[in-house]
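>>> prediction below, plus the sequence it came from.
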Amino acid sequence: MNVDPQTPATVYAATLAGLFKPLNGGVAWAQHTPRVFGVPAIDPETPTTLYGGGGLAGLRGPFKSTDGGATWSPSSVGLPADSVRVVAIDPQPPATLYVGTASSGVFKSVDGGASFGPRNVGLTDLRLRGNLKTALVVAPVARARARHDVGAAGVPMKQDSGA
């Protein structure tokens, strides 16, 4: 799940059946899209801009929505033919994205997902393990650190803003 930072009543929940949003403060939920993109990353400045990976559905990703998830388009220039498992947004500036792929490591975009380049120097294992929880974290205070959780292999940390 992820919560809209400007409208906390807007929550996105990803399931194998698709992306859901709450009705009536979460009393009931409505399917927002039938496609599975994983838990969407929400742009903190423009919360109607969402980014989703391919998750476990075998979709390549990442995907971008500029209308709160009603429609999605692929955004994969510079990425290998590999499933994007997780997307993280740098809060300063939110046009900087990081994606973690199933087996090719971490990639960075500085143009809102229009293009990506690899950022794997120092990572010893580029695989994100199948059903294990996967996280990619951008530390807002110490932005020079980005973490890429690769499950049982440990938590490598980049010390250079993913450069």
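Alright, I've got the coordinates.
>>> need the residues that contact the helix or strand hosting Q31.
Per DSSP states H and E, Q31 falls inside strand 28-33. Residues from elsewhere that reach strand 28-33 (Cβ atoms under 8 Å, 6 or more residues apart in numbering): Y12, A13, A17, G18, L19, F20, K21, P22, L23, G69, A70, W72. Using the backbone N, CA and C atoms, a C-beta is placed for each residue, glycine as well.
>>> sheet partners, orientation included, of the helix or strand following that strand?
As assigned by DSSP H and E, the chain's next helix or strand after strand 28-33 is strand 41-42. Strand 41-42 has its sheet partners listed here by DSSP bridges as strand 50-52 (antiparallel).
>>> identify all contacting residues around the partner strand.
Under Cβ under 8 Å, 6+ apart, the answer for strand 50-52 is 12, 14, 19, 37-43, 61-65, 68-69, 72, 75, 87, 89, 97, 113.
>>> please apply the same query to stretch 65-84.
10, 12, 19, 21, 32-33, 35, 37, 40, 46-55, 58-64, 99-104, 107, 109, 113-117.
>>> among the residues you listed, the buried ones, what's the PyMOL command?
Entered in PyMOL, the line below selects the buried ones among the contacts of stretch 65-84, by 16 or more other Cβ atoms under 10 Å:
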select buried, resi 10+12+19+21+32+33+37+40+48+49+50+51+52+53+54+55+59+60+61+62+63+64+99+100+101+102+104+107+109+113+116
